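[1] Generate coordinates for the sequence data below:
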Amino acid sequence: MDKSIDSNSNNKINKFHFSPLTLQQLRQKIDDFAMERNWQQFHQPRNILLALIGELGEISEHFQWKPDSDCDHGLPKWTEHERIALADELSDVFIYLIRLADRCRIDVSKTISQH
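    From the prediction side, this is the model:
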């Protein structure tokens, strides 16, 4: 089982937490990944935004034909395969969002902490 997926979410709603990686650590990993592949030339904010929108569409596909009763807090009716697929898409969105903030030079950690 993928350790990033909490498949017993009904019993752990209040105990769920993210791993301790900081946004800066994630930003650096994403930047290193792009640099190793010489992708920074394609990572203009507009390009990243368009990729982000595409990934958001992929998330919506996982919910599109599910009844509301299958989309309760923690997604308890979803199979492990469905949850892993959703986790992959959520990660893609988060990666693009962090990359977009990085390429726009916007410190979202600071902005979030001010709200």
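[2] Just give me the longest helix of the protein.
    Determined from DSSP state H, the single longest helix within the chain is helix 80-104.
[3] which strands and helices sit next to that one?
    Counting contacts by 3 or more C-beta pairs under 8 Å, 6 or more residues apart in numbering; DSSP states H and E, helix 80-104 packs against helix 23-36, helix 45-63, helix 108-113. Every residue, glycine included, has its C-beta placed from N, CA and C.
[4] Can you list the low-confidence ranges for this structure?
    The model of the chain has pLDDT under 70 over residues 1-14.
[5] quick one on the thing from earlier: report the angle between the longest helix of the chain and helix 45-63.
    Counting by axes from the mean of the first three to the mean of the last three C-alpha atoms, to 10 degrees, helix 80-104 lies at 160 degrees to helix 45-63.
[6] just to revisit the earlier point, nearest to Leu100, of the helices and strands packed on helix 80-104?
    helix 45-63 (4.5 Å; C-beta to C-beta).
[7] Report all helices and strands that that closest one contacts.
    Of the remaining helices and strands, those touching helix 45-63 by 3+ C-beta pairs under 8 Å, 6+ apart are helix 80-104.
[8] Go through the helix it packs on and flag the buried ones.
    For helix 80-104, burial by neighbour count (16 or more other C-beta atoms under 10 Å) applies to 83, 85-86, 89-90, 92-93, 95-103.
[9] tell me the contacts of the residue lying closest to Glu58 once chain neighbours are set aside?
    Leaving aside its chain neighbours, Glu58 sits nearest to Glu89 (4.8 Å; criterion: C-beta to C-beta, 6 or more residues apart in numbering). Glu89 is in contact with Glu55, Glu58, Ile59, His62, counting by C-beta atoms under 8 Å, 6 or more residues apart in numbering.
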